[in-house]
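>>> model this:
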Amino acid sequence: MQHIKNLLFAKWFLIILLMINIGGSIYGYIWYSWQLEQTAWYYWPFVPDSPNATLFFSIAIIGWLFKRHFRLFEALAFVTNIKYGLWAVCMNGLAIYQLGGDVDPSAYMLIASHFLMALQAVLYVSKYDFNWFHICITAVIAVHNEMMDYVFDQMPIYSMLNEFKPQIGYFTFWLSIMCIALAIYVYRRRLLVAR
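Have a look, this model is predicted:
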């Protein structure tokens, strides 16, 4: 177990992970470009959820590389990478089910890459240094994003899933609550260990 931790926290590995997350963010923004083109500019921050999440994680890694903590970005990275990682796994899985498996191979790539998003957030749990303030700001941002997605119709467009929009919105809200609760647990656990 210590060998894995040493690997995860090695500077060279963090640099590779940073490059992967930056690359994933760029790919994600390009993937969303067609939706952004038909979206009013003031909604743009709420459309590319997963690329934003990996961007938050990239900023957290930059802090770690310089032995600093960008605590708000660490809280955002933890909550959003788990949330949108699991969300995309579930939505792409549902899309595959709806289409009877007749989907573009990229759907399977999206499932794998988004699962790894969620996994990386969990693997670095001992590295985070956020507190109640950062969790509260993150909670407001996460729940506000649900309003943008499911009240103002800014959710990622999956045409075959449009008929399930109310159910997806309900699921996503509780997924946010679960991720926020996990962040609280991580914070409280760190306090207990520090005593």
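>>> Retrieve the pLDDT associated with Asn92.
What the model reports for Asn92 is a pLDDT of 89.
>>> Check Asn6 too.
88.
>>> where's it, which helix or strand?
For Asn6, the element it lies in under DSSP states H and E is helix 2-9.
>>> dump the residue contacts of the nearest residue to Ile180 once chain neighbours are set aside.
Leaving aside its chain neighbours, Ile180 sits nearest to Ala139 (4.8 Å; criterion: C-beta to C-beta, 6 or more residues apart in numbering). Heads up, the C-betas are built off the backbone N, CA and C, glycines and all. Contacts for Ala139 (C-beta atoms under 8 Å, 6 or more residues apart in numbering) come out as 79, 176, 180.
>>> Which SSE is immediately downstream of the helix holding Asn6?
Counting by DSSP H and E, what follows helix 2-9 is helix 11-31.
>>> Could I get the contacting residues of Phe164?
Leu94.
>>> Could you report the neighbour count for Lys67?
Neighbour count for Lys67, taken as other C-beta atoms under 10 Å: 6.
>>> so it, which of the three states?
coil (DSSP: H, G, I helix; E, B strand; the rest coil).
>>> ok, now Ile135?
Classified using three-state DSSP, Ile135 is helix.
>>> sorry, back to before: over to the residue nearest to Ile180. Which of the three states is it?
helix.
>>> Could you check how far it is from Met155?
Separation of Ala139 from Met155 (C-beta to C-beta, to the nearest Å) stands at 19 Å.
>>> quick one, helices of this structure?
Taking DSSP state H as the criterion, the chain carries its helices at 2-9, 11-31, 33-37, 49-65, 71-98, 106-123, 132-150, 165-194.
>>> what angle separates the last one from helix 71-98?
Right, helix 165-194. For helix 165-194 against helix 71-98, the angle by axes from the mean of the first three to the mean of the last three C-alpha atoms, to 10 degrees is 140 degrees.
>>> Just the buried residues of helix 165-194, please?
168, 172-173, 175-176, 179-180, 182-183, 186-187 (16 or more other C-beta atoms under 10 Å).
>>> can I get the contacts of Ala139 in JSON lines with distance to Gly85 and pLDDT?
Shown next, in JSON lines, are the contacts of Ala139 (distance: C-beta to C-beta, whole Å; pLDDT from 0 to 100):
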{"residue": "Val79", "distance to Gly85": "11", "pLDDT": "98"}
{"residue": "Ser176", "distance to Gly85": "13", "pLDDT": "97"}
{"residue": "Ile180", "distance to Gly85": "15", "pLDDT": "98"}
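>>> residue nearest the centroid of this structure?
A centroid search over the chain (C-alpha atoms, centre = their mean) returns Asn81, at 2.2 Å, as the residue closest to the centre.
>>> Contacts only, for the residue nearest to that one when sequence neighbours are not counted.
Excluding the flanking residues, the one nearest Asn81 by C-beta to C-beta, 6+ apart is Ala121, at 3.7 Å. Going by C-beta under 8 Å, 6+ apart, Ala121 touches 57, 77-78, 81-82, 85.
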